[in-house]
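Engineer: Everything below, folded, please.
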Amino acid sequence: MIKAILILTAITLIPALELRASIPVGIFNSDMQQAVSWPVVAAICIVANIILGWIVFWIMGPAFTFIRRWGWFDRRIWPILERTRHKIHPYVEKYGEIGVAVFIGIPLPGSGVYTGAFGSYLLGLDKRKFAIANVIGVLIAAVAVTALCLAILHGAVGEDSLWARLLLKQKH
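Structural biologist: I've put the predicted structure just below:
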């Protein structure tokens, strides 16, 4: 069981994959199925993804402080980020953590806790609001991915469907 937890956590920590990949691995991999049930898989991946989002958001401050020491970044890149922040700030005020949660929760490439944390930091969302958005977004993604995986696993989605071909290893 410890090996399964470590593997699922490691996959969840990979940028662009996160729990969108670790939940299907946990549900469809026969070794994982023997080690942990699907609710445990989902719980492990959810907790790892939530913690990951908080860590990434927390690291943004020190990382940008360090990077801004380089003159070229502070002169060329930082002003672009600041202009973007000021243009988008009214939308952050309007949609706040719900907008971030939806962005994190949409299980599509380019969304997730890494980009959600990065964008939230750049847009000036405070830590508390990001923490709430992160939890809600991860739960949205987890429910969507788990439901799709269970639908495939239990035959609600046909074996010839695009989803089944993407997520299931075909036997020849």
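Engineer: How are the helices of the protein distributed by residue range?
Structural biologist: Using DSSP state H, the helices assigned to the chain run over residues 2-12, 18-28, 30-35, 38-67, 71-72, 78-105, 113-122, 127-153, 162-167.
Engineer: Pick out the residue closest to the middle of this structure.
Structural biologist: Nearest to the geometric centre of the chain sits G112, at 3.1 Å (Cα atoms, centre = their mean).
Engineer: list the contacts for that one?
Structural biologist: 15-16, 18, 20, 104, 141 (Cβ atoms under 8 Å, 6 or more residues apart in numbering). Backbone N, C-alpha and C define where each C-beta goes, glycine included.
Engineer: And for I11?
Structural biologist: Here I11 is in contact with 17, 21-22, 25 (Cβ under 8 Å, 6+ apart).
Engineer: still on that earlier bit, could you redo the helices of the chain as a markdown table and give each row mean pLDDT?
Structural biologist: Below are those laid out as a markdown table (pLDDT from 0 to 100):
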| stretch | mean pLDDT |
| --- | --- |
| helix 2-12 | 93 |
| helix 18-28 | 93 |
| helix 30-35 | 88 |
| helix 38-67 | 92 |
| helix 71-72 | 82 |
| helix 78-105 | 75 |
| helix 113-122 | 86 |
| helix 127-153 | 92 |
| helix 162-167 | 66 |
